[in-house]
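Chemist: next come a sequence and a model predicted from it.
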Amino acid sequence: MDTDIYTFLWYFVIYAFFGWCLEVIYQAVEQGKFINRGFLNGPYCPIYGFGVIIVNETLEPLKENIIILYIGSVILTTVLELITGFLLEKIFHQNWWDYSDEHLNFKGYICLKFSLLWGIACLIAVRLINPFVETFVEHIPKTLGTVLISIIMIGFASDMIITVLAVIHIRNRLALLDNIAAEMRKISDYTGEKLYNGVENSKARKEKYEEKYEELREKYKEQFSKRKFVDRRIENAFPKLKIDTNQSFHEQLEELRKIIEEKKNK
């Protein structure tokens, strides 16, 4: 496999796109709707592009041996997913996927089920798809191909910047929502306890807590309405997205709605 930068970039883009298609199909089957999966907004999942290239480069001399190719693919893609998940968490302080509910997982980063599936995917890519990809790239006129891949990579870089800024924004909002939920729960529990014990009979004090509660409720509504397209896309693509070990965005919203509903019914 020719590994000059031009060829490398084309293989990366093509397999990143194929990976995105695979993720969309999987989510459509799993959830019955279209979800733009992947860390970035465009139709590509970089981890697939890197994964196939690493497998191809590393196992090229052994690709005729299906067993070795499969085992090697499982090992390489599992290590890649582990490193990617770990780095994303350390850089953004957020968990992007969680395999904790799967059998034989390691800290939610990887699990046996998906490692075996990645091996099958790479086997198909290397043995069946890659020959067509090589032929396709070879037949692209070099000048046209250079212009096209340059435009694509500029778009890719722009997408990366936009997504990183959105992730930082989401992280800050998750932290704020977490604080709002804690304050609302504290006020709700404190008020209910005092009323139950017959201690808080003062109308003025009750109104003070009601006012504080409404202020927090408005902050929650404001933060929810501020969501941008990129924010909503990331939240839908990663419903289990968590900040450190706290709740996911959807779990936070559910708790806030529950607190508000409880308050209404009192």
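Modeler: Great, that's in hand. Just so you know, these numbers come straight off a predicted model, no measurement behind them.

Chemist: give the contact list for Ile120.
Modeler: Ile120 sits next to Tyr70 when contact means C-beta atoms under 8 Å, 6 or more residues apart in numbering. Where you see a C-beta, it was placed from the backbone N, CA and C, and this is true even at glycine.

Chemist: so which helix or strand takes in it?
Modeler: Secondary structure assignment for Ile120, by DSSP states H and E: helix 112-124.

Chemist: next, the buried residues of the helix or strand following that helix.
Modeler: As assigned by DSSP H and E, the chain's next helix or strand after helix 112-124 is helix 130-138. Judged by neighbour count using 16 or more other C-beta atoms under 10 Å, the buried positions of helix 130-138 are 130, 133-134, 137.

Chemist: which elements pack onto helix 130-138?
Modeler: helix 5-31 (3 or more C-beta pairs under 8 Å, 6 or more residues apart in numbering; DSSP states H and E).

Chemist: let me see the mean pLDDT of the host helix or strand of Ile161.
Modeler: Using DSSP H and E, the element containing Ile161 is helix 142-196. For helix 142-196, mean pLDDT rounds to 75.

Chemist: stretch 137-152: which residues count as buried?
Modeler: Within stretch 137-152, the residues scored as buried using 16+ other C-beta under 10 Å are 137, 145, 149, 152.

Chemist: hmm, who's touching that stretch?
Modeler: For stretch 137-152, the surrounding residues in contact (C-beta under 8 Å, 6+ apart) are 6-7, 9-11, 13-14.

Chemist: quick one: which of the residues you listed is nearest Val167?
Modeler: Val13 (22.2 Å; C-beta to C-beta).

Chemist: tell me the confidence at the closest one?
Modeler: For Val13, the predicted pLDDT is 94.

Chemist: that one: what's it in contact with?
Modeler: By C-beta under 8 Å, 6+ apart, the neighbours of Val13 are 44, 49, 149, 152-153, 156.
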